[in-house]
Each structure stands twice: as C-alpha cells, then as structure tokens.
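Q: The sequence isn't on hand, but the structure is:
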DNA sequence: TATAATATGATTAGCACC
DNA sequence: GGTGCTAATCATATTATA
C-alpha cells in the first residue's frame, strides 16, 4: 500500500484524444462505455446517427455536428467535443467582454489532472456577467450544461420563484420539442479568434457535468416509473418526520423484527449513506427520498448516542441487522459529560442533555445578562426569571461554570460530545470560530458509526470510500474507530480549514491507505474523473456524504430556500456522483 | 484589513383547548 | 378544524475591535 505522499503526486495526466486511457477504455462519454475505443471501430450508419443525435441533443447545431462527425469519425467522441467547443463555448464568455485570446500558461488542457480540479473561479465570473436574470439559478443551470439561451428562455417564461428542478424540466421539454432549433451554442465558423484554453477547459467540465445530471434525471424518471409497482413506505409527496427519532433502532431502543425491502436499483454494493437535517422545510425530505431511489429516510436523534441532540435524516442502502455501537458508550447526560458543572447547576434548570450543537455560540453579553438577572435573589429566582434564563440556556447550550454564571461550551467539549478526538479541530483551524463552525457542520461520529458498523465484517481488508462534503472527516473517523481499515479515501470538501483538520487526523493516526483530498468542489467531480478514480482504486465500496444544510436548517434566518438554495442544491451533485459510481459498477 | 463579537426571526410540529 | 402556546433549529449579516 502506498503512503499519502504518493497520493499527492498521483498523476492523472492524459492526452487529448479518443483513446487516452491507459487501460484502453474511453472514459469521456459515459454512455458509450469502454467499447468506444474498441479495435473494431464501428462505422455503421446507426452509429453515425447516434453520435450526431447525441451532440445535437446537447445543444450543438446539427450542421456543425454532422461536419465534425464526418471529419473526426463518429467513434472519436472526445475529438468531436473538442472541435465543437472550439467553435462555440468561448463565445459565451467572450460575448460578456471577456478576452478571447488565451492567457493560460499551459498550451494544453489539464482538466484531467487532479491538481487542477478546483479552479472554477473563471467560470463563475464569466457566468455571473449575466445580470438580467437571477444569477444563482442562471449559474447553476449553465454549470449543469444547459446553454445560456436555454436557461434565459426558461427563466423568462417562468415565475421568479420557479425551482431549479422545474426549470430543468422546462428546458428538457423544450429540447425534446425542438431538437434542432436554434441554439446559443451555434455560432458561425468564420470570424473566430483562437479559443481561450482555460475557459474551454471549464466549459468542457460543465458540459460533462451537465450531461451527467441530465442523463441521471432521465434514468431516474424511468426508474421511478418502475418503482411505482413497488410498495414503498414513502408516500407520494409527504414524509412524516417522527417525533421519536430512533430510526430503525438505536442502542437501548431496538425495533424488534424490523425489516425493510430496498428497491432492486438501490441495492449495493456500492453502499451509500446520505445525511442532512431532519427538520428541513416541508417537502424537502420527500424530494430527497425521490432522488435516492424512494428509500425511506431513517430519522435519528443523536441524543441516543451522546449528551446532545442532533436530529438528522439518513438515507442509505446499508443492511440494518446486527448493528453495534462504538465502545465505550459516551456519556449520555450533561452531568456525566461535564461533571464539574453539576456543582453549579440549579435545580430549576431541568436540562439533562444539550440541544443541537450549532456552528456559533452565545455571546459574552448574553451570559452577562443572565448573571445580572440571577443576582440579588434570596434562594431561587422568581419563576419568570427562571423561565427566561432557561430559554436562553437552551437556545445557546450554556453550561453552568460558577454561581449565577453560565458559559458556552468549549470546542473541546463539543468535540467530546460529537465523538471526535480531543483537540481534533485545533490544528487545522485558524480560530475558535472556525472550530465551532467546522464542528457544527459535522457528523456525530457514534451515530454514523452505529449505522456503518454492518460494514465491518464485509470489508475486513479495508474499504474504499468516496466521501463527499467530507468536512472534518466524521465518516472516516467512524470507520476507523470501528476498526475498518481505510484502504482508499477520496475526500471532497470545499473548506480549506476542514480539509486541513482532516489531513492532520489522517497523518496523526498513521493511516496506511491512500488519501486523495485535493478535489475541493464536488461540481468538478465529473464522470471522467470518477472513472479514473475507480480505475485507480479498483472501485468504491461506499459513497458517503451529508450535503450542505445551509438552506434547509431552521437556524438560517436569511436564506432558508430549500433544496434549490445556493448551497443545498449540491444535494443533486451527490445524486449525480452516486449514480455515476453505480453505473461504473454495473459496467464492470 | 482581518477577525471577533453581536444581533438578527421564521418555519415547522406537537399539544391543549374550545 | 381553528387557535394559541411551546419548543427546536449542521446560519448569516452587520458592527466592533485589534
């Protein structure tokens, strides 16, 4: 097994062209599979028509596609795409005043290099120049591969609050109705300057990602039709969030005889595990479930695993028999977790556990107000004072540190309750605020480990994990503490602080496996790159991740916009990546 | 200028009561 | 079924400070 340094220098370089893969497979066009590089090289009319249809459906003009296919050969999909993009994509940026001539220091595309996967800044700045439409939806849809023209038409024809999913359906319907209509990508061949290499690269990345999403949505619709025959526990448009969140059973509260039947399409391997806040806006979990094979979410409150509540929903295809908890069992009450606080804990503060550990904590002014509220009373304060103070303590998870004095939890105490090693977030974080934030966004390790424990006997020699939104490594720590060797881990995380924290843990615990952690943006994880990672690792056993909750959580007073929100929309990238991995498993 | 501190409700759901 | 109350919530924008 290689060490981590070798993973950093792991080379994914490939040359442009149709057959660049070392194992002879063409990984550029997912629907084509490895056979596209086969020696026989089909030249049938059917193949030619299929190639033409494929690219015209992507929005390129038919004339240009025919010309290019004839020139390059229908099996040469990568070269066709190169040529089409050379004449079309840069214009979308150039029309916004961007320079057309390349300023890239590299004369060749490097989008297959893992070192170059996080550079999305130019694409964002280019796309944000569209100022006449809602920028976020415009950007997201264009980044998915739809053309600016298509997106503009859809947005202009819809209500301002139309969801991303509805806009995608609108565009898809328009494409089906008019497959050869004029398209913004269609541009005259004459009068072009040399294409901007960097933008060309970015457009190409977006193109692939968009096609993956559309292909996935298309296949998902078919699967949904098939699954209508399956008696699903998930009703049409509403999932009831249970008040008692003990999921499919938790330690001490087993659900005797519980069995579930997964749809065939969802059965692993690969196993997958998705997480997000339970108390999301109405309909959010129904949408999530529909996108994840109609599997019933398992709602679990981490109060069964530690001294703090953490109400989360999990959708996974893991077995549910013979789960076991991590040992030792963590303290389940505040008194056990923070025994020193008991001395100052007033009898009228009836809290036995903390509420959800969030990303920020109460101010010194709040604690000072509480101190002043409580001073000067003989014995217990009046009931209305008790009630006011207790509400503040519940809201901010204050802990009693002296007479009439409360304080926020320390980062080390949060680490303890969330199941992380002491000072886990100390090294990589630059400030206390960053520690609170990264912890507030993380898994409760014991909860996740309980669910993942069923993998221990299945992967005694190590597991290969694709970890999206990996944060500070809660999933990996859970696997590690379960005694499951981390053979190969790809950790995708946008926060540099969180990546540093996880890298520090990986090195401190002398992991023997390979860690790839230089992919920052999940939207940059295209099928092509996933296929290379699969080739390199031998395949992923587990695709795990909790997508951003920013637009779902009730804590967000500003942008609780649901699954279409700026951050939470990345849920669809989890689905896209998962389905790509599943497809690769089927093909292999 | 970067970081820390502080202020900022709404959306759900359950429950009791009428 | 309608109303009012209680309770919880992986956050973000603005202001203050070093």
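A: Nice, I can see it. These figures come from a predicted structure and were not determined experimentally.

Q: Next, the buried residues of stretch A:503-519.
A: Buried residues in stretch A:503-519, defined by neighbour count with 16 or more other CB atoms under 10 Å: A:503, A:504, A:505, A:506, A:511, A:513, A:514, A:515, A:516, A:517, A:518, A:519. Just so you know, the C-beta spots here come from the backbone N, C-alpha and C atoms, and that holds for glycine as well.

Q: In helices, which of those fall?
A: Those of those mapping onto helices are A:503, A:504, A:505, A:506, per DSSP state H.

Q: and the closest residue to residue A:511 other than its chain neighbours, how far is that from residue A:320?
A: Nearest non-adjacent residue to residue A:511, counting by CB to CB, 6 or more residues apart in numbering: residue A:486, 5.7 Å away. Residue A:486 is 23 Å from residue A:320, where distance means CB to CB, to the nearest Å.

Q: neighbour count winner among those two?
A: Counted by other CB atoms under 10 Å, residue A:486 and residue A:320 do not tie: residue A:486 has more neighbours, with 24 against 16.

Q: Look up phi and psi at the more buried one.
A: In terms of degrees, to the nearest 10, the main-chain angles of residue A:486 are phi -90, psi 90.

Q: The one 5 residues further on too?
A: Residue A:491 has phi and psi values of phi -110, psi 120 when expressed as degrees, to the nearest 10.

Q: Distance check, it against residue A:477.
A: 12 Å.

Q: What of residue A:461?
A: Residue A:461 is 20 Å from residue A:477, by CB to CB.

Q: Neighbour count: the two, which is higher?
A: residue A:477 (25 against 7).

Q: where's the residue in the stretch 101-250 of chain A that DNA strand C sits nearest to relative to residue A:575, distance?
A: At 9.8 Å from DNA strand C, residue A:245 is the closest residue in the stretch 101-250 of chain A, using CB to the nearest atom of the strand. The spacing between residue A:245 and residue A:575, counted by CB to CB, is 24 Å.

Q: Residue A:337 too?
A: When residue A:337 is compared with residue A:575 (using CB to CB), they lie 37 Å apart.

Q: Of the buried residues of stretch A:503-519, which are in range of DNA strand C?
A: Among the buried residues of stretch A:503-519, no residue lies close to DNA strand C (CB under 7 Å from any atom of the strand).

Q: how about the residues you listed in a markdown table, adding pLDDT?
A: Converted to a markdown table, the buried residues of stretch A:503-519 look like this (pLDDT from 0 to 100):
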| residue | pLDDT |
| --- | --- |
| A:503 | 95 |
| A:504 | 95 |
| A:505 | 96 |
| A:506 | 97 |
| A:511 | 98 |
| A:513 | 98 |
| A:514 | 98 |
| A:515 | 98 |
| A:516 | 97 |
| A:517 | 95 |
| A:518 | 92 |
| A:519 | 93 |
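
Q: Name the nearest of those residues relative to residue A:283.
A: Using CB to CB, residue A:519 is the member of the buried residues of stretch A:503-519 that sits closest to residue A:283, with 31.3 Å.

Q: before we move on, the earlier item: residues in contact with the closest residue to the residue of the stretch 101-250 of chain A closest to DNA strand C other than its chain neighbours?
A: In space, residue A:245 comes closest to residue A:301 once its chain neighbours are excluded; the distance is 3.8 Å by CB to CB, 6+ apart. Residue A:301 is in contact with A:245, A:246, A:278, A:309, A:310, A:311, A:312, counting by CB atoms under 8 Å, 6 or more residues apart in numbering.

Q: contacting residues around stretch A:368-387?
A: For stretch A:368-387, the surrounding residues in contact (CB under 8 Å, 6+ apart) are A:346, A:347, A:348, A:388, A:389, A:392, A:393, A:398, A:404, A:405, A:406.

Q: let's go with 10 Å and repeat that
A: A:346-350, A:362-363, A:388-390, A:392-393, A:396, A:398, A:402-407 (CB atoms under 10 Å, 6 or more residues apart in numbering).
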